[in-house]
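J.: what follows is a predicted protein model with its sequence.
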Amino acid sequence: MAGAAVLGRLTWRAGTVASVRDETATARTIALKIPSWPGHRSGQHVDVRLTAADGYSAQRSYSIASAWAGDQVELTVQRLPDGEVSPYLAQVLAAGDPLELRGPIGGWFVWEPAPAPVLLVAGGSGLVPLMAMIRTRAAAGAQAPFRLVYSVRGPGDALYAEELAERQRRGDGLHVAYVYTRTTPAGWPVPPGRIGAGVLTAPGWTPERRPAVFVCGPTGFVEAAADLLVSGGHDPRAIKTERFGPSGGQS
Amino acid sequence: MGIVSPGFHGRRRPGGENLPPGQYLVTDFPVLSAGPTPRVDLASWEFRVTTETGQAHAWDWSAFRALPSEQITVDLHCVTKWSKLQTPWRGVPVDTLLAEVETSADFALARSYGGYTTNLPVADLLGGQAWVAFEYDGDPLTAEHGGPARLLVPHLYLWKSAKWVTGIDLLTQDEPGFWETLGYHNYGDPWQEQRYWGD
Amino acid sequence: MSTHLDGNVLGGELGELFTADVTAATGQCASCGAVSAIAQTLVYTHAPGLVARCPSCTGVMLRLVRGPGRAWLDLRGITCLQLTPPGQP
């Protein structure tokens, strides 16, 4: 099982960029090869540290996007317009470059295959750790029903859109509901708007079914969604949250 | 030093100015905070100086704003390594505030709304070295930068310039404040790079 | 920024100092008595150090400063921290 290795304390180590691929106009997935990677659980993150030639350094946290697969780790980075780290990762970093990181980190916001249904609520790049959960579920052949509610500004901002559509088509228990806050796809039945109580409820997804709930995204989104879930009757102890920076990423 | 990231420069601008050791120049104005931004209502705002004998002198907002104030332009040096030069403020000199009290105390503890504290020698608050500032760049000081009023002591690292200041306690014994009790230098002179204990 | 993140971001720094996962540990706030996972604390990261506050009362629970070759940790805001030693489920 992923994470069975006893880790000891974390230290900085170097990975090498194996490849990069664009996800949207402003987000990119970086595939890293990290020698002696001990494995990770879905929901965990790494801290990335960039150092300039004169020693100046900046550090940010990024969720792991991939299911554990040997020494390969994928991160998906959203470029923020006035970010310090994200423009470098999303535009400058290239295959063959080193990347210093520390991880895997996190023992609380994690999902390991278990029978309970799982409700995932993502705002913007908050989808990344939840996608690791979806991919881990598939890799393990797990049967637990998964429902993803994914809030984005518009269709062009949606990460992993094709992969999510393909996984839904397989009919193995993943359902995805989109919330568009600024622009909707052609023919969308509702006008754009923020997440509301309605989309968080669905047949078979009431609090009585006691799903595990994971919410991730910018601080404001997470707090609004968590409030809606609690007022909708979900047990606060069943809701785990992870907040990203105000613009939906770590900048 | 970590592994160099090819092509990474970071947000800062090249120095070349006369900066304290280890600092880099910024042109924006970073906001640092250890907690939620206090929202202080001017109707209940108070600045209180308490002496070592328990005497107190307090100003409400209108009494404070009736005091003579001055425009100053100062350089800011944050212990997190950014420096911002030639920043324009308006404030009441701490000399003016302390002139109202009788004290022989050597130590001061500045207190802020929200619970933050920082300590300084009384000598560093006097002689034109410190202000209680209420305007930045011609506008009322915003809450995120410490408004309605903050302490401004530019010759020390910026953590000594307590945001949301609500008073100064004058003490016969030094009382380390919020960061000084957690590894940060008790005095904090940027020109001697006094960032941490023992520096 | 004066907005906050949560205790999940402490995992990297604390993971260099402790082998147990402190973010998954639960702590009782010394100010108000509420019990939270450290991952649920409100963490202010844009500061000279990391400050984790109680999600119920915003009282300071944990503070951490990293200096060259040293770290300072203040846990006075937590009455008691319940940890799971590493290697256990």
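T.: Nice, I can see it. What you see is a predicted model; the values in this text were computed from it and never measured.

J.: when you work out contacts or count neighbours from here on, use the C-alpha atoms and nothing else.
T.: Noted.

J.: how about the lengthiest strand in chain A and chain C, touching?
T.: In terms of residue count, the longest strand belonging to chain A (DSSP state E) is strand A:13-22. No - contact between strand A:13-22 and chain C is absent, the nearest approach being 12.2 Å (criterion: Cα under 8 Å from any Cα of the partner chain).

J.: what strands line up against that strand, and which way round?
T.: Strand A:13-22 has its sheet partners listed here by DSSP bridges as strand A:27-33 (antiparallel), strand A:98-105 (antiparallel).

J.: and the last one, average pLDDT?
T.: Read it as strand A:98-105. Computed over strand A:98-105, the mean pLDDT rounds to 97.

J.: next: the shortest one.
T.: Model confidence over strand A:27-33, given as mean pLDDT, is 98.

J.: tell me which residues in stretch A:187-199 are buried?
T.: Along stretch A:187-199, these residues count as buried under the neighbour rule (16 or more other Cα atoms under 10 Å in any protein chain shown): A:192, A:195.

J.: can you give me the end-to-end span of it?
T.: For stretch A:187-199, the separation between the terminal residues is 18 Å (Cα to Cα, to the nearest Å).

J.: so what touches it?
T.: When contacts are defined by Cα atoms under 8 Å, 6 or more residues apart in numbering or on different chains, stretch A:187-199 is touched by residues A:149, A:151, A:177, A:179-184, A:225, A:228-229, A:232.

J.: what about residue 141, neighbour count?
T.: I went with chain A, as the question did not name one. Each residue near A:Gly141 was counted by other Cα atoms under 10 Å in any protein chain shown, and the total is 11.

J.: not what I meant, chain B
T.: 19.

J.: show the contacting residues for the closest residue to A:His45 other than its chain neighbours.
T.: In space, A:His45 comes closest to A:Ser63 once its chain neighbours are excluded; the distance is 4.0 Å by Cα to Cα, 6 or more residues apart in numbering or on different chains. For A:Ser63, the contacting residues are A:43-46, A:75-76, A:128-129, by Cα under 8 Å, 6+ apart.

J.: isn't B:Gly91 right up against B:Glu135?
T.: Yes - at 6.9 Å, B:Gly91 counts as touching B:Glu135 under the criterion of Cα atoms under 8 Å.

J.: what's the distance between the residue nearest the centre of chain A and B:Val31?
T.: Centroid-nearest residue in chain A, with Cα atoms, centre = their mean: A:Val128, separated by 1.7 Å. Distance from A:Val128 to B:Val31, counting by Cα to Cα: 28 Å.

J.: could you dump the strands paired with strand A:13-22 into JSON lines with distance to B:Gln23 and mean neighbour count added?
T.: As requested, the strands paired with strand A:13-22 are arranged in JSON lines below (distance: least, Cα to Cα, whole Å; neighbours: other Cα atoms under 10 Å in any protein chain shown):
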{"stretch": "strand A:27-33", "distance to B:Gln23": "32", "mean neighbour count": "22"}
{"stretch": "strand A:98-105", "distance to B:Gln23": "24", "mean neighbour count": "24"}
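
J.: output those strands in JSON lines, with distance to B:Gln71 appended to each entry.
T.: Written out in JSON lines, the entries for the strands paired with strand A:13-22 read as follows (distance: least, Cα to Cα, whole Å):
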{"stretch": "strand A:27-33", "distance to B:Gln71": "46"}
{"stretch": "strand A:98-105", "distance to B:Gln71": "46"}
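
J.: which of those sits closest to A:Ala139?
T.: With Cα to Cα as the criterion, A:Ala139 lies closest to strand A:27-33 of these, at 17.7 Å.

J.: for A:Leu32, see how far away A:Ser19 is.
T.: From A:Ser19 across to A:Leu32, the span is 7 Å (Cα to Cα).

J.: got the contact list for the closest residue in space to A:Arg102 that isn't next to it in sequence?
T.: Residue nearest to A:Arg102 in three dimensions, not counting chain neighbours: A:Trp12, with 4.6 Å by Cα to Cα, 6+ apart. Under the criterion of Cα under 8 Å, 6+ apart, the neighbours of A:Trp12 are A:100-103.

J.: swap in 10 Å and give it another go.
T.: For A:Trp12, the set of contacting residues under the criterion of Cα atoms under 10 Å, 6 or more residues apart in numbering or on different chains consists of A:47-49, A:100-103, B:2-3, C:12, C:16.

J.: same check, this time on B:Gly183
T.: With Cα under 10 Å, 6+ apart as the criterion, the residues that contact B:Gly183 are B:195-198, C:49, C:64-67, C:70-73.

J.: one more time with 8 Å, if that's ok
T.: Applying Cα under 8 Å, 6+ apart, one finds that B:Gly183 lies in contact with B:196-197, C:65, C:67, C:71-72.

J.: and the residues you listed near chain A, which?
T.: Contacts with chain A are made by none of the contacts of B:Gly183, judged by Cα under 8 Å from any Cα.

J.: including neighbour count and pLDDT, could the residues you listed go into CSV?
T.: Formatted as CSV, the entries for these read as follows, by neighbours: other Cα atoms under 10 Å in any protein chain shown; pLDDT from 0 to 100:
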residue, neighbour count, pLDDT
B:Tyr196, 21, 98
B:Trp197, 15, 97
C:Val65, 20, 97
C:Gly67, 14, 94
C:Ala71, 13, 96
C:Trp72, 14, 97
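
J.: which of these fall within strands?
T.: Using DSSP E, the subset of the contacts of B:Gly183 located in strands is C:65, C:67, C:71-72.

J.: within reach of chain B, which of those residues are there?
T.: Taking Cα under 8 Å from any Cα, the overlap between the ones in strands among the contacts of B:Gly183 and the neighbourhood of chain B is C:65, C:67, C:71-72.

J.: in the chain, where is pLDDT below threshold?
T.: Just so you know, I chose chain A. Residues of chain A meeting the criterion pLDDT under 70: A:1-8, A:246-251.

J.: chain B, not that one
T.: Along chain B, the parts satisfying pLDDT under 70 run over B:12-17.

J.: three-state assignment of the closest residue to chain C within it?
T.: The shortest separation between chain B and chain C is 4.8 Å, found at B:Leu32 (distances taken as Cα to the nearest Cα). Under DSSP: H, G, I helix; E, B strand; the rest coil, the three-state class of B:Leu32 is coil.

J.: neighbours of it, how many?
T.: Residues within reach of B:Leu32, counting by other Cα under 10 Å, total 19.

J.: what do you get for the one 3 residues further on?
T.: Burial measure for B:Gly35: 25 neighbouring residues, criterion other Cα under 10 Å.

J.: what separates C:Gly67 from A:Ala25, distance-wise?
T.: From C:Gly67 over to A:Ala25 the distance is 39 Å, taken as Cα to Cα.

J.: A:Gln59 too?
T.: When A:Gln59 is compared with A:Ala25 (using Cα to Cα), they lie 24 Å apart.

J.: hmm, B:Pro93 is touching B:Arg150, no?
T.: No - assessed by Cα under 8 Å, B:Pro93 is found out of contact with B:Arg150, at 11.7 Å.

J.: find residues that contact each of those two.
T.: Counting by Cα under 8 Å, 6+ apart, the shared contacts of B:Pro93 and B:Arg150 are B:Val132.

J.: around chain A, pick out the residues from chain B.
T.: Within chain B, the residues that sit near chain A (Cα under 8 Å from any Cα) are B:1-11.

J.: picking that back up, of the contacts of stretch A:187-199, closest to chain B?
T.: Using Cα to the nearest Cα, A:Ala225 is the member of the contacts of stretch A:187-199 that lies nearest chain B, at 20.6 Å.

J.: wait, isn't that closest one in contact with A:Cys216?
T.: No - with contacts counted by Cα under 8 Å, A:Ala225 stays clear of A:Cys216, the gap being 9.3 Å.

J.: more crowded one of these two?
T.: Under the neighbour definition other Cα under 10 Å, A:Ala225 and A:Cys216 were set side by side, and A:Cys216 has more, 30 against 23.

J.: what is the one helix or strand the more buried one maps to packed up against?
T.: Following DSSP states H and E, the helix or strand that holds A:Cys216 is strand A:212-218. With contacts defined as 3 or more Cα pairs under 8 Å, 6 or more residues apart in numbering or on different chains; DSSP states H and E, the secondary structure elements packing on strand A:212-218 are strand A:118-123, helix A:127-140, helix A:219-231, strand A:239-244.
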